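[1] Make a model of this:
(chains A, B, C and D)
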2 protein chains.
Amino acid sequence: MEPRKNKSRATSYDVARLAGVSQSAVSRCFKPGASVSKKMRDKVMAAANELHYQPNAIARGLITRRSNLVAVMVSARLNFYYPEALFSLTERLSAQNMRVLLFTVESEDDVDAVLDQVLQYSADGVISASHLSVAQHELLERRHTPVIMFNRYFDAIDSTSVWCDVREAATTMIEQLLAFGHKKFAFLHGPADGMVGRERLLIAREILTDNGITDIEEASGDYTYESASAAIQNLRKRAPDVTAILCANDMMAMGAVDELRHVMGLNVPRDISVVGFDGLGSARFASYELTTVRQPIGRMSDAAVSMLMERVEKPETSVEKRVLTGSFIQGTSSGPAPQ
Amino acid sequence: MEPRKNKSRATSYDVARLAGVSQSAVSRCFKPGASVSKKMRDKVMAAANELHYQPNAIARGLITRRSNLVAVMVSARLNFYYPEALFSLTERLSAQNMRVLLFTVESEDDVDAVLDQVLQYSADGVISASHLSVAQHELLERRHTPVIMFNRYFDAIDSTSVWCDVREAATTMIEQLLAFGHKKFAFLHGPADGMVGRERLLIAREILTDNGITDIEEASGDYTYESASAAIQNLRKRAPDVTAILCANDMMAMGAVDELRHVMGLNVPRDISVVGFDGLGSARFASYELTTVRQPIGRMSDAAVSMLMERVEKPETSVEKRVLTGSFIQGTSSGPAPQ
DNA sequence: ATTCATTTTGCATTCGAATGCAAAAATGTT
DNA sequence: AACATTTTTGCATTCGAATGCAAAATGAAT
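    Numbering: from 1, shown residues only, chains lettered A, B, ... in the order given. Predicted coordinates:
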């Protein structure tokens, strides 16, 4: 008998040799529901424990064509919303015995390179919180890799997605502002390619239009706290009569509140109201108490994971869009319009 | 010629057949620095492009014994500090052509299960921001899997780690508080198992002791914003004369500031000063402008990744502790002690 | 004890790429 | 042109687990 090669890791052959059985027997003992006698299982498990054997997921993946890896793509820019979603997804994926391969996407240009990696690692599926082009969708489809778009409904292509419908909550929010007597509104947009923010403000615009308000001021940021500062300065200069600012996300709303209060010396909500979208943890901090529309991140993650798992098990499962509804959060960053 | 089996993915054999060469030639064309003639490379690359061939990372990993996967373990509880570190690490690892396998750890009990997964996937290395026991370290060592402890210096075992030394900055911070005339201090601790927080306040205590202050009030939270609320209530009841609160992290400092200001109606820093540790992005928000000690997350990530890569390439590389220094951030959450 | 049905087990092959070695081709030398 | 040298290529094997199929073992039924 050879002295053990300086392998650090026991293989199924090592276990088989020690237990005096075949390698296939070992393999079967680690496959739930396989046909193994109790005697065999005991022998093998004893040997496996002795050698600290664990099946090699890489080798297994090669033959089964299932890596049990899920690629999760998030945009690095959105520092606050996505961590909550990311952790939430990770927990739920582990519960399904899936591992998370994390990819951050700086800009749209990175996506192709990331997808190459996703495919090289034979991820069983993708959950993407960044935009994918039609070509990119097609690439994944050709490779039979299911994708779930997370919070990306209005993409050109018809793809399986989880989305949060904010219309009802936004209506409540905006009607409350109207009831508060606000007449002059402004939007604080996200970046031009920010689908989610655009959609949110589109809905807001419709609701305002329904109520006869069409003259809306516009300003733009990039979803970050910092970007709100310049946008608000600019906005106040152009349109000092605005009394309600609708921000495309909470982060900018927080930036807006701070700029108005601490730099411009205004009282929010007495002088001006600010509302956001997302329902971040930090939006509830006592310094902000944002009025906002909360996305049910936990339930969105559940939906994304369950839709993904279905498609991993049954690849031909058809496109599905699961829509959850956001809820209105009454904060203290909005209130009656000033005299 | 068989009709293509319904494989969605071209293999090196497919490329070889199309290019009229051997499979090994294809493999070599994708290995940087291999001996291949220009003619061969062109032929192969043309075929590879036509079939959209990309080498299978799983199969490659099996034979090379290099998965190019790095397991990153973070605690899910610390919602704010770690996302910044996580994204920072992910970017740097991608730059080294390594992929991130993300694991969240709810409690210490999860760690064993997570490590099993790490080993099953043959991660080339681990970056851990959660505590590992001696046994866990040994397990990884037996499997020749290098670990870098991220922000975990004072572990029982002598392990390679990145750590942020806050002593100098903390000294500056505390001496400033003393110069501001503060005499009665309180600590807002993290949870009992929070190594980092304990260490920070230990240092703070030493510095205060050096300055003749030994009677310090103590309160405890769990690093979250919310937990500061009860701790502060309790503290104010017991010791209304405290004028400076040192918090184990920024998140609790923010919670403390808000509780003091918005619930208790105090003026921070006029009535009471609050300082933190971390240097979170949100600590800079105008509503807080925390006085704190910032950890250089970017440089810490660089250090972690470079130390890891060294040990992946040369496994026998000895233990190394890289210590970066935190910097004092002057905010407006602290100021002169009240009369 | 014999036959047949059923469950367990092992054999041999497979997944896809990498690599040591030897054969073949290209290049250099005289 | 003949030979030596270097570079390029292909053959065959390997990594570690899973699995179809056939052989072996077990159990049931007569």
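
[2] And the pLDDT at whichever residue of the stretch 51-200 of chain A sits closest to chain B?
    Going by CB to the nearest CB, chain B is nearest to A:Pro83 of the stretch 51-200 of chain A, at 3.6 Å. C-beta here means a position set from N, CA and C on the backbone, and glycine is covered the same way. With respect to pLDDT, A:Pro83 scores 81.

[3] That one: neighbouring residues, count only.
    A:Pro83 has 22 neighbouring residues, counting by other CB atoms under 10 Å in any protein chain shown.

[4] Equivalent analysis for A:Ser301, please.
    With other CB under 10 Å as criterion, A:Ser301 counts 23.

[5] which residue ranges form the strands in chain A?
    With DSSP state E as the criterion, chain A has strands at A:69-75, A:99-105, A:125-128, A:147-150, A:161-165, A:185-189, A:217-220, A:244-247, A:273-275, A:292-294, A:321-325, A:327-329.

[6] Please enumerate residues in contact with the first one?
    The one in question is strand A:69-75. A:61, A:82, A:85-86, A:89-90, A:93, A:98-106, A:111, A:114, A:117-118, A:121-130, A:308, B:101-102 (CB atoms under 8 Å, 6 or more residues apart in numbering or on different chains).

[7] Repeat that for the last one.
    Among residues not part of strand A:327-329, those counted as contacts by CB under 8 Å, 6+ apart are A:169-170, A:172-173, A:279, A:283-284, A:290-294, A:296.

[8] Among the residues you listed, name the buried ones.
    Listed as buried from these are A:169-170, A:173, A:279, A:283-284, A:290-294; burial here means 16 or more other CB atoms under 10 Å in any protein chain shown.

[9] Include distance to B:Pro336 and pLDDT when you put those residues into CSV, please.
    Listed next are the buried ones among the contacts of strand A:327-329 as CSV, based on distance: CB to CB, whole Å; pLDDT from 0 to 100:
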residue, distance to B:Pro336, pLDDT
A:Ala169, 45, 96
A:Ala170, 46, 96
A:Met173, 42, 96
A:Gly279, 38, 92
A:Ala283, 32, 92
A:Arg284, 31, 93
A:Leu290, 32, 97
A:Thr291, 36, 97
A:Thr292, 37, 97
A:Val293, 42, 97
A:Arg294, 40, 95
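
[10] check those against DNA strand C, which are close?
    Among the buried ones among the contacts of strand A:327-329, no residue is within reach of DNA strand C (CB under 7 Å from any atom of the strand).

[11] Looking at these, which are in helices?
    Those of the buried ones among the contacts of strand A:327-329 mapping onto helices are A:169-170, A:173, per DSSP state H.

[12] Might one say that A:Met317 is in contact with A:Ser306?
    Careful, residue A:317 is Thr; it's not Met. No - counting by CB atoms under 8 Å, A:Thr317 does not reach A:Ser306; the two are 11.3 Å apart.

[13] Give me every residue in the stretch 101-250 of chain A that's in contact range of chain B.
    By CB under 8 Å from any CB of the partner chain, the residues of the stretch 101-250 of chain A that approach chain B are A:101-104, A:106, A:116-117, A:119-122, A:139, A:142-144, A:225.

[14] which of these come close to DNA strand C?
    Okay, of these, nothing touches DNA strand C (CB under 7 Å from any atom of the strand).

[15] List buried residues within those.
    Here, 16+ other CB under 10 Å leaves A:101-104, A:117, A:119-122, A:139, A:143-144, A:225 buried among those.

[16] Tell me which two in the residues you listed are the farthest apart.
    Using CB to CB, these reach their maximum pairwise distance at A:His144 and A:Tyr225, which is 40.6 Å.

[17] could the buried ones among the contacts of strand A:327-329 go into TSV alongside distance to A:Ala76?
    Shown next, in TSV, are the buried ones among the contacts of strand A:327-329 (distance: CB to CB, whole Å):
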residue	distance to A:Ala76
A:Ala169	28
A:Ala170	27
A:Met173	29
A:Gly279	21
A:Ala283	21
A:Arg284	24
A:Leu290	24
A:Thr291	28
A:Thr292	23
A:Val293	24
A:Arg294	23
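
[18] pLDDT value on A:Gly255, please?
    Per the predicted model, pLDDT is 97 at A:Gly255.

[19] Quick check: closest non-adjacent residue to it.
    Excluding its sequence neighbours, the residue lying closest to A:Gly255 (CB to CB, 6 or more residues apart in numbering or on different chains) is A:Ala228, at 2.8 Å.

[20] okay but the one you found is in contact with A:Asn234, surely?
    No - assessed by CB under 8 Å, A:Ala228 is found out of contact with A:Asn234, at 10.6 Å.

[21] Flag the least confident of the residues of the stretch 101-250 of chain A next to chain B.
    Here the lowest pLDDT out of these sits on A:Glu106, with 85.

[22] Once you drop chain neighbours, what's closest to that one?
    Here the residue nearest A:Glu106, using CB to CB, 6+ apart, is A:Ala76, at 5.7 Å.

[23] before we move on, the earlier item: identify, from the buried ones among the residues of the stretch 101-250 of chain A next to chain B, the entry nearest to A:Arg152.
    A:Phe103 (15.4 Å).

[24] pretty sure the closest one is touching A:Val114, no?
    Yes - between A:Phe103 and A:Val114 a contact is recorded at 4.7 Å, counting by CB under 8 Å.

[25] the more surrounded of A:Ala228 and A:Asn234?
    A:Ala228 (29 against 12).

[26] Now do the same contact list for that one.
    A:188, A:221, A:247, A:251-256, A:258-259.

[27] Ok, A:Asp158 next?
    A:Val319.

[28] Check A:Pro315 too.
    Contacts of A:Pro315 by CB under 8 Å, 6+ apart are A:144, A:146.

[29] next one: A:Met307
    By CB under 8 Å, 6+ apart, the contact list for A:Met307 reads A:148, A:160, A:162, A:320, A:322.

[30] make it 7 Å
    A:Met307 is in contact with A:148, A:160, A:320, A:322, counting by CB atoms under 7 Å, 6 or more residues apart in numbering or on different chains.

[31] Let me know the distance separating it from A:His144.
    To A:His144, A:Met307 is 16 Å away according to CB to CB, to the nearest Å.

[32] What parts of the stretch 1-150 of chain A come near DNA strand D?
    So far as CB under 7 Å from any atom of the strand goes, the stretch 1-150 of chain A lies against DNA strand D at A:7, A:9, A:11-13, A:23-24, A:27-28, A:30-31, A:53-56, A:59-60, A:62-64.

[33] Return the members of the residues you listed classed as buried.
    If we count by 16+ other CB under 10 Å, those have these buried: A:9, A:11-12, A:27-28, A:30, A:53, A:55-56, A:59-60, A:62.

[34] Looking at the residues you listed, which is nearest B:Ile272?
    A:Arg9 (56.5 Å).
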